[in-house]
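1. Starting from these lines, generate the structure:
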Amino acid sequence: MLKDTLKNKIYDYVKAKGLCEQLGMCKNAKVSFLAQGEYNINFTLEGASKKYVLRVNTGSQLELDNQIEYEYEALLRLYPSGVTPRPYFVDGSKQYIDYGILVMEFLEGAPLDYGRDMEKAAGIFSRIHSMDIERMDASNFIFEKTIFSDRVSEARRLLKDFMESTVIDCKLKKFFADFMDWAEKNACREGYFTQSPWNAINNTEVNSGNFIINDKRQYLIDWEKPVISDPCQDITQFLAPTTTLWKTSHILSEHEKEKFFKSYTSGLECKDKDIRERVQLYTPYLYLRALSWCAFAYLEYMNPDKSIKNMDTFEKIKSYLDIDFMNGLLRGFI
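-> Predicted coordinates:
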């Protein structure tokens, strides 16, 4: 497997780059596998008294040539929030290893528990969405202003091969064709957001596994594809069943959502521009993103050459592409 092949190469890479010396560690630092996503494999780099995350990037969901540098620059801007990991090193040259390398702070803690940590999650979002992007160099970030049109364009790209594939059931193709037709016809409703803009840094991948919670602190990690856009992007995704069911079996009740909204708005240092209404409007377009990504990922997992395969993820993708599940999500919205 790729993670096993990489582990040995990382030892040589760390030595060649003098990484231990740069990070103030002993020369015999230990490299261990930590976790992997769809486009990143994370290792720990551990010495006698210091420990870091060494992240290997294998691809870009944003179709960026400088993916690892994009994430590093985002972490530099976000670090003052106090709820994201501090970055220490980046190498996008791909000279020693064929992938981008990022070293960042290792954070102790556990994934978010929806039954216990909702207030802490609200606090994290409040702090990040309160960061003043006018007072930082935000030129590195992708900026999304037309969030309905952006989701339609994104879905069109993600669904292209799926809709042309001969192995995909006709009922699934009809579902997505009808959904895309509705999304395109209603994209003009994004005028609500362009006429009343509220711009903040969004993570865009806020499932429970991307939070680290401990007794004293809480963090949001995995900043692979942040954008500056309306904060409803993160809040809608965080509350949606397509997110809560990704790593758990929890679906948030209306009472749990309302408690979250109250904590979130009370923690904001900027004015709340009616986050509840923004979330309500954006929800079907969040579903378009989630489901079209599943369609794209399904075909990727069918490819024997895919470099990273997480079989639990594949099973979740297949369950999300169930017609009844998808129609249930859209009920009341379209």
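
2. Identify the residues contacting stretch 298-317?
-> Residues from elsewhere that reach stretch 298-317, judged by C-beta atoms under 8 Å, 6 or more residues apart in numbering: 2, 36-39, 41, 58-59, 161-162, 165, 167, 245-246, 294, 297, 318, 321. Just so you know, the C-beta spots here come from the backbone N, C-alpha and C atoms, and that holds for glycine as well.

3. In strands, which of those residues fall?
-> The members of the contacts of stretch 298-317 that map onto strands under DSSP state E are Q36, I41.

4. Do a quick rundown of the helices in the chain.
-> With DSSP state H as the criterion, the chain has helices at 2-17, 19-22, 67-78, 118-129, 147-164, 170-186, 191-195, 232-239, 241-247, 254-267, 275-302, 311-320, 323-330.

5. Which residue, other than its chain neighbours, is closest to P284?
-> F333 (4.2 Å; C-beta to C-beta, 6 or more residues apart in numbering).

6. I'd like to know how far the one you found sits from D91.
-> 44 Å (C-beta to C-beta, to the nearest Å).

7. These two: who's more crowded?
-> Applying other C-beta atoms under 10 Å to F333 and D91 shows that D91 carries more neighbours, namely 19 against 13.

8. For E71, see how far away the more buried one is.
-> Distance of D91 to E71, computed by C-beta to C-beta: 12 Å.

9. okay, and the common contacts of these two?
-> What both D91 and E71 touch, as defined by C-beta under 8 Å, 6+ apart, is the set L102.

10. that older thread, would you write a PyMOL line that selects the buried entries of the contacts of stretch 298-317?
-> Typed into PyMOL, the line below selects the buried ones among these, using 16 or more other C-beta atoms under 10 Å:
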select buried, resi 36+37+38+39+41+58+59+162+245+246+294+297+321
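
11. What's the local residue count around I147?
-> 25.

12. My guess is F141 contacts L75. True?
-> No. Under the criterion of C-beta atoms under 8 Å, F141 is not in contact with L75, lying 11.9 Å apart.

13. any shared contact partners between these two?
-> Common contact partners of F141 and L75 (C-beta under 8 Å, 6+ apart): none.

14. contacting residues for G92?
-> Here G92 is in contact with N66, Q67, I68, E69, G100, I101 (C-beta under 8 Å, 6+ apart).

15. Narrow those to those that are buried.
-> By neighbour count, with 16+ other C-beta under 10 Å, the contacts of G92 hold Q67, I68, E69, G100, I101 as buried.

16. Provide a list of residues in contact with the closest residue to the fourth one other than its chain neighbours.
-> Taking C-beta to C-beta, 6+ apart, and ignoring the residues beside it in sequence, G100 has I68 as its nearest neighbour in space, at 2.8 Å. For I68, the contacting residues are R55, N57, V90, D91, G92, Y99, G100, I101, L102, by C-beta under 8 Å, 6+ apart.
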